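In: quick one, structure for this:
(chains A and B)
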2 protein chains.
Amino acid sequence: MNPLSSPLVTDLYQLTMLQAYFEAGMTETAVFELFVRKLPPGRNFLVAAGLEQAVEFLEGLRFGDEELEWIAASGLFKRDLAERLERLRFSGDVHAMPEGTVFFPNEPILRVTAPMPEAQLVESRLVNLLHFEVLVASKAARSVLVAPGKRLVDFGLRRAHGAEAGLLAARAAYLAGFDGSSAAIAGPRFGIPVFGTMAHSFVQSHASEAAAFVHFARAFPRTALLLIDTYDTAAAARKVAALAPELARDGIAVQGVRLDSGDLAALAREVRGVLDAAGLAKATIFASGNLDEYRVRDLVAAGAPIDGFGVGTSLVTSSDAPYLDAVYKLQEYAGRPRRKRSIGKATWPGRKQVYRHYGADGRFTRDVVAAESDRQAGEPLVAQVMAGGKRLRPLPALAAARTHAKAQLDRLPLRLCALEDAADPYPVEIAASLHALAAEVDAATEGAAGP
Amino acid sequence: MNPLSSPLVTDLYQLTMLQAYFEAGMTETAVFELFVRKLPPGRNFLVAAGLEQAVEFLEGLRFGDEELEWIAASGLFKRDLAERLERLRFSGDVHAMPEGTVFFPNEPILRVTAPMPEAQLVESRLVNLLHFEVLVASKAARSVLVAPGKRLVDFGLRRAHGAEAGLLAARAAYLAGFDGSSAAIAGPRFGIPVFGTMAHSFVQSHASEAAAFVHFARAFPRTALLLIDTYDTAAAARKVAALAPELARDGIAVQGVRLDSGDLAALAREVRGVLDAAGLAKATIFASGNLDEYRVRDLVAAGAPIDGFGVGTSLVTSSDAPYLDAVYKLQEYAGRPRRKRSIGKATWPGRKQVYRHYGADGRFTRDVVAAESDRQAGEPLVAQVMAGGKRLRPLPALAAARTHAKAQLDRLPLRLCALEDAADPYPVEIAASLHALAAEVDAATEGAAGP
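Out: Presented below is the predicted three-dimensional model:
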């Protein structure tokens, strides 16, 4: 049972509800939308990501023998549930924002229209996939915005929350504009450029730091990036400078050095001076070590001579905001709009479209969320991607989605590009059509009036 | 290429270093230890977890055709690396703390002793697995400590960072004392009790809330837990009370209700009153909705009549501390102890053991980290689990590890059981043997003296 593809990567209540739906013949069309209720502190926008994985999951949805045996033997369900699940496939439609699209609270980035049991079952994994890739793409975009022209590499695999998180974080960061990842599997799996140098252990395992540098440079005559902070950064830079002529005689050029600790701005300046004085002007300086977008911004602002940054743990865990208020909510069932009115968690009913408006400078000015039937001015952001359980057409390749993300970040209102919360958040208007629909739904629903 | 088992779930630099090591014949025995450098704010202790997954990974380590083809075709390596990797298996020894053991900073929870290329290659995935399970087990233990006698269920799958995170979080939480998980796959995969009720969408999809309750209760005549906050919690509780006699005539007992929003303490009291007045004293009240250990503690302290808690996002993302400073460091190579002296990141060299001391009340009083050869008084916490690439014996089953964790939490010093940082942190002493070894290593290593 592979957790990456098993339909049991779902909450048990999806299965209990499915049993009840099947028994009662409640298999009419349900419409669910996935959106983020509000931005966490320190985020002015989000970046859509993970649609490719979501569509793959829906296309591949099926219960295998192992899953069916567990369901039958668990004692939790009636006998015929396993039989019904054996035949279950995803046969619905999906509408979504393209990956790389900048979006805001209350804007659906995915809509599922399918028979209720199918639409309900897929909730947990759809949220699981899209929530995480959006989380990391949105975090990564912040480093991208503050470090134009710098190489940015995802270094987070080891502290990502599991292997899938490491892999999908590499994808989401690349989508948002990172140059690549240290995670080897991101190469074969997604065609993402992979980067790697040496660890402190490599230096420590040699009789001397200089021996480690020579060894590594000879092993990688064009691409060696030497890690110089194991013992003393400035002293190590001088060793690199001293070794360079000997290596050059053998046709070996040190590509650069990596700093991983200490005062990176001061050390980078010192190291740059040492390298330049030795005629190694082309050798690059790469920095890593507990970096996040704030430290990257400050190093760039300080004019530190650093050519690239490895951003790891803070990126792949989105450490300052490790989750989003992402939800997947029923908006319509059997042709009737629905809404939830729980305290603090009320939703807008019905199928929706998001319309974006632009200013004279080409940047976004405001979005309007409207009922789908309420055609508005502005650019519609949600488009159909699956019909009857199949893709309408191939989704954009990762490279194209990355280009789209770049174009989106180029059109972001300037006040949203800062790392701090904008005093004036981006306006997302709820169209009159949705207000009217909500009132209509409330009038038709028994129970006290909601908030 | 399955990311859950692929050896390419590693940082690229492991592969570049391997090429250099193989070329130079640097395949002597390396010793690496995995430990956490310091506790994040809001943590007084950590709980060892993930060893079963780590050992499975090491036992199954092999490069498949897809991985070897990518390595050969990537242009990043020399030709013979793929040939060497094809033959590579993990042949080393592993020492570790048993899962469920409480541990503290600078204490190795895992030691790998293996030929350098093997020991180096596995770093990324070992840290990835152990870091995450320790993170969640340590977070879960905090809820366990503040809610004795309450049912605790992991509800976090959808906002876990990917499917593996959802699955391993369910495991780590159960290990630390949770009663189970909402993640269905945790049942078949780990034998963890799974729990589930209904979603708001179930209520919304019915013509009335009462119809939804009756439908669900008839579908699950013994286990129905009804979600009562979709529209108005108190009104819904009165509906449950009104429906109970009719259901009882058909032999159906509502097991309980779930609250998911609003002022949970006040609502629980009101709902308890309604249920009790209707003769439903046995119906339980389960609470969920943005809970963490602080809210659980406060609800318990307020005497809210809540029988169990669903803790989700905050648990599986360890939201207040979404990562640990977990590292895997070279401590010895070719028989010589090694250490890193990078600024702020210096390590203690050599193979280590951790000795725990207990007070008259049976609780821990202090730990001593010593060189392995320096036999000390106290209980040694690290034991060998693999020899020559194979398990010495089966690891304790998850249930046994859970029992061990409970016994450990029972012996935790009382000041560490609070949710706030203890004013007086747990003492971890570095034995004189390690100080002496560090001085010896520094004297033998060229470069300026480290910190």
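
In: which helices and strands sit right next to the one helix or strand A:A242 maps to?
Out: With elements delineated by DSSP states H and E, A:A242 resides in helix A:233-249, which encompasses its position. In this structure, helix A:233-249 makes packing contacts with helix A:209-219, strand A:256-259, helix A:264-277, judged by 3 or more Cβ pairs under 8 Å, 6 or more residues apart in numbering or on different chains; DSSP states H and E. (Each C-beta comes from the backbone N, C-alpha and C, glycine too.)

In: repeat that for 6 Å
Out: Judged by 3 or more Cβ pairs under 6 Å, 6 or more residues apart in numbering or on different chains; DSSP states H and E, helix A:233-249 is in contact with helix A:209-219, helix A:264-277.

In: what about the strands in the stretch 351-451 of chain A?
Out: If DSSP state E, counting those that start in this stretch is used as the criterion, the strands of the stretch 351-451 of chain A fall at A:352-358, A:364-371, A:379-380, A:383-387, A:390-391, A:428-430.

In: reformat those strands as a markdown table; add distance to A:D232 and mean neighbour count.
Out: What follows is the strands of the stretch 351-451 of chain A, written out as a markdown table (distance: least, Cβ to Cβ, whole Å; neighbours: other Cβ atoms under 10 Å in any protein chain shown):
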| stretch | distance to A:D232 | mean neighbour count |
| --- | --- | --- |
| strand A:352-358 | 53 | 20 |
| strand A:364-371 | 49 | 20 |
| strand A:379-380 | 56 | 12 |
| strand A:383-387 | 55 | 17 |
| strand A:390-391 | 56 | 14 |
| strand A:428-430 | 53 | 15 |
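
In: let me know which of the helices and strands packed on helix A:233-249 is the nearest to chain B.
Out: Nearest to chain B among the helices and strands packed on helix A:233-249 is helix A:209-219 (4.1 Å), distances taken as Cβ to the nearest Cβ.

In: find me the pLDDT at A:R341, would you?
Out: The pLDDT attached to A:R341 in the predicted structure is 80.

In: name the nearest residue to A:R338, sequence neighbours excluded.
Out: For A:R338, ignoring the flanking residues on the chain, the nearest one in space by Cβ to Cβ, 6 or more residues apart in numbering or on different chains is B:Q204 at 4.3 Å.

In: quick one: that neighbour and A:A30, what's the gap?
Out: When Cβ to Cβ, to the nearest Å is applied, the distance between B:Q204 and A:A30 equals 10 Å.

In: one step back: tell me the mean pLDDT over the helix holding A:A242?
Out: Helix A:233-249 shows a mean pLDDT of 96 in the predicted model.

In: domain assignment for chain A?
Out: A:12-137+A:321-444, A:144-316 (automatic domain parsing).

In: pick the most buried one from those domains.
Out: When neighbours are counted by mean count of other Cβ atoms under 10 Å in any protein chain shown, the highest per-stretch mean among the domains of chain A falls to domain A:144-316, a mean of 22.

In: report the distance from that one to the chain centre.
Out: When distances are taken as Cα atoms, centre = their mean, to the nearest Å, domain A:144-316 is centred 23 Å away from the chain's centroid.

In: which residue, other than its chain neighbours, is closest to A:Q53?
Out: If the residues on either side of it in the chain are set aside, A:Q53 comes closest to A:L129, at 4.7 Å by Cβ to Cβ, 6+ apart.

In: quick one: stretch A:304-322 to chain centroid distance?
Out: Counting by Cα atoms, centre = their mean, stretch A:304-322 is centred 14 Å from the centre of its parent chain.

In: now do stretch A:9-25
Out: Centroid displacement of stretch A:9-25 relative to its chain, using Cα atoms, centre = their mean, is 29 Å.

In: could you see whether chain B lies near it?
Out: Yes: between stretch A:9-25 and chain B, judged by Cβ under 6 Å from any Cβ of the partner chain, the touching residues are A:V9, A:T10, A:D11, A:L12, A:Y13, A:T16, A:M17, A:Q19, A:A20, A:E23, A:A24.

In: and A:G180, how close does it get to chain B?
Out: As judged by Cβ to the nearest Cβ, to the nearest Å, A:G180 and chain B stand 9 Å apart.

In: what do you get for A:G289?
Out: Plainly put, A:G289 is 8 Å away from chain B if you go by Cβ to the nearest Cβ.

In: counting contacts, what elements does the longest helix seen in chain A pack onto?
Out: Longest helix in chain A, counting residues (DSSP state H): helix A:123-146. Helices and strands touching helix A:123-146, by 3+ Cβ pairs under 6 Å, 6+ apart, are strand A:46-47, helix A:51-60, helix A:163-175, helix A:293-301, strand A:326-333.

In: with distance to A:F195 and mean pLDDT added, can I get these in TSV?
Out: As requested, these are exported to TSV (distance: least, Cβ to Cβ, whole Å; pLDDT from 0 to 100):
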stretch	distance to A:F195	mean pLDDT
strand A:46-47	22	98
helix A:51-60	23	98
helix A:163-175	11	98
helix A:293-301	16	98
strand A:326-333	30	96
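
In: format those as JSON lines; extra columns: distance to B:G166.
Out: Shown next, in JSON lines, are the helices and strands packed on helix A:123-146 (distance: least, Cβ to Cβ, whole Å):
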{"stretch": "strand A:46-47", "distance to B:G166": "21"}
{"stretch": "helix A:51-60", "distance to B:G166": "13"}
{"stretch": "helix A:163-175", "distance to B:G166": "9"}
{"stretch": "helix A:293-301", "distance to B:G166": "27"}
{"stretch": "strand A:326-333", "distance to B:G166": "14"}
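
In: returning to that earlier point: now do the longest helix of chain A against helix B:163-175, angle only.
Out: Comparing the axes of helix A:123-146 and helix B:163-175 via axes from the mean of the first three to the mean of the last three Cα atoms, to 10 degrees yields an angle of 110 degrees.

In: run through who's touching helix A:123-146.
Out: If you take Cβ atoms under 6 Å, 6 or more residues apart in numbering or on different chains as the criterion, helix A:123-146 is touched by A:9-11, A:46-47, A:49-50, A:53-54, A:57, A:152, A:168-169, A:172-173, A:175-178, A:293, A:296-297, A:311, A:315, A:318, A:324, A:326, A:328, A:417, A:419, B:157-159, B:161-162.

In: kindly report the same for stretch A:258-268.
Out: Among residues not part of stretch A:258-268, those counted as contacts by Cβ under 6 Å, 6+ apart are A:197, A:225, A:227, A:229, A:233, A:285-289, A:299, A:302, A:304-306, B:342-345.

In: now intersect those with the strands, please.
Out: Judged by DSSP state E, these include A:L225, A:L227, A:I285, A:F286, A:A287 as members of strands.

In: follow-up on the earlier one: distance to B:A401 added to the strands of the stretch 351-451 of chain A, as a markdown table?
Out: Written out in a markdown table, the entries for these read as follows (distance: least, Cβ to Cβ, whole Å):
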| stretch | distance to B:A401 |
| --- | --- |
| strand A:352-358 | 47 |
| strand A:364-371 | 48 |
| strand A:379-380 | 53 |
| strand A:383-387 | 43 |
| strand A:390-391 | 44 |
| strand A:428-430 | 47 |
